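Q: The sequence and its predicted three-dimensional model are supplied below.
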Amino acid sequence: MTKHRQKTQKRAHNPKAFGADLSQDKTLLRATLHGTSSLTSSAGGVINTYVPLDPSAYAGTDWADFSSTYDEFRVMGIRLRFFNHQFGVAVNGGPVAVAFDNDSSGANPGSYTAVRQYSTSHVLPAVWYTKPISMTWWRPTRGAETTINWVDVANPSSTLGSVLFYSSGLSASAQYLDIDYEFFVEFRGRR
């Protein structure tokens, strides 16, 4: 084989084919997004709701900053801090079931038992007189449920996962808990 032919063959197998030297931004940014909301009982004295892992719904200002800079995101975990809104007020109290559902698209749980069936569930009092209560959940990164899908920032409500709440026997239409949210989020695809 001549030297010219060897050089031609080397070029044909060169990994730097057209576009191979162009790199896509593979920067991964980890951020904590903050928000607040409250839990209020219905006219029937029930709390039956959920919080989706959609940071745009609860961390609007923080979300706007990052979603205008990056193309995709995924929520890795969430921390909730509960503050008693009814401190020292005479209202009906009771247990509040709270659970993390890693793969739901979000729906009201419907019953106390429906929330307590999750291995991630906890119970907190609707009224208490001490410091705030904190709960943190992380998405699985090992085992059978390791896939945490990337979601386009233009459609944040399509992210899976939610935190479920249920309590009954409460006073009607009373605000029970104030909640401080921390969404632990990864962003990629800097614009």
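A: Received the coordinates, thanks. Numbers count the residues shown, from 1 in each chain.
Q: who touches residue 100 in this structure?
A: Remark: with contacts taken as C-beta atoms under 8 Å, 6 or more residues apart in numbering, residue 100 is in contact with 78, 118, 120, 137, 161, 162, 163, 164. Every C-beta, even on glycine, is put in place using the N, C-alpha and C of the backbone.
Q: And it, how far from residue 81?
A: The spacing between residue 100 and residue 81, counted by C-beta to C-beta, to the nearest Å, is 15 Å.
Q: thinking again about what came up before, drop anything exposed from the contacts of residue 100.
A: The neighbour count (16 or more other C-beta atoms under 10 Å) marks 78, 118, 137, 161, 162, 163, 164 as buried among the contacts of residue 100.
Q: Let me know the closest of the contacts of residue 100 to residue 71.
A: residue 161 (20.1 Å; C-beta to C-beta).
Q: isn't residue 180 right up against residue 80?
A: Yes - using C-beta atoms under 8 Å, residue 180 is in contact with residue 80, at 7.2 Å.
Q: quick revisit: any idea which of the buried ones among the contacts of residue 100 the model trusts least?
A: Scanning the buried ones among the contacts of residue 100 for pLDDT, the low point is residue 161. It has 91.
Q: got the residue ranges for the strands in the chain?
A: 28-40, 47-52, 70-84, 95-101, 122-125, 133-138, 151-152, 162-167, 175-190 (DSSP state E).
Q: Which one, of those strands, ends up nearest to residue 60?
A: That would be strand 28-40 among the strands of the chain, by C-beta to C-beta, at 6.9 Å.
Q: That closest one - contacts with which helices or strands?
A: With contacts defined as 3 or more C-beta pairs under 8 Å, 6 or more residues apart in numbering; DSSP states H and E, strand 28-40 has these neighbours: strand 47-52, helix 55-58, helix 60-67, strand 175-190.
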